[in-house]
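Novice: Okay, here's the prediction I keep looking at, along with the sequence it came from:
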Amino acid sequence: MDYLESWIEKLRQTDALILVEGKKDMAALAELGITHVMQVKGRPLYQVVEAVAAGHKECILLVDLDKEGRKLFAYFTKTLSERGIRINNEFRLFLFRTTELRQIEGLAKYVRIHMEPKRRLT
């Protein structure tokens, strides 16, 4: 699981703003020490776009693989790109290609289950 640990460390260190769907997604990332996150649920999408465009050059979209997540991904990719914001999809692709996760809110639990046994052995 070194690849997952490396992935999480890269997310902690990036300067890019991370967009997630809801509170549980934010909580899961916060549990992993990732704090530069913005929740989109409950906010008008245009306000999220304005907030991102006002202070960021790059954005990471960590939205789920369900229907709603795919809609949000398409919307933010299009609208933020039009405003000159670089969309970093590397983390989302990595997560969904290398783990069984399909929802960001399960990330912290997944890490606990898969990484903690390794730490106890070393």
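Specialist: Sure thing, it's come through. Computed from a predicted structure; not experimentally measured.
Novice: Quick check: buried residues in the strand or helix carrying Phe96?
Specialist: For Phe96, the element it lies in under DSSP states H and E is helix 90-98. Using 16 or more other Cβ atoms under 10 Å as the test for burial, helix 90-98 gives 91-92, 95. Every C-beta, even on glycine, is put in place using the N, C-alpha and C of the backbone.
Novice: contacting residues for Ala16?
Specialist: Going by Cβ atoms under 8 Å, 6 or more residues apart in numbering, Ala16 touches 36, 56, 58-60, 88.
Novice: go on, Gly84?
Specialist: 53, 57.
Novice: Return the distance of it relative to Lys78.
Specialist: According to Cβ to Cβ, to the nearest Å, Gly84 and Lys78 sit 13 Å apart.
Novice: Let me see the ranges of the helices in this protein.
Specialist: 2-13, 23-31, 45-55, 67-82, 90-98, 107-121 (DSSP state H).
Novice: Quick check: which of those is buried the most?
Specialist: helix 23-31 (a mean of 18; mean count of other Cβ atoms under 10 Å).
Novice: No further queries at this time; thank you.
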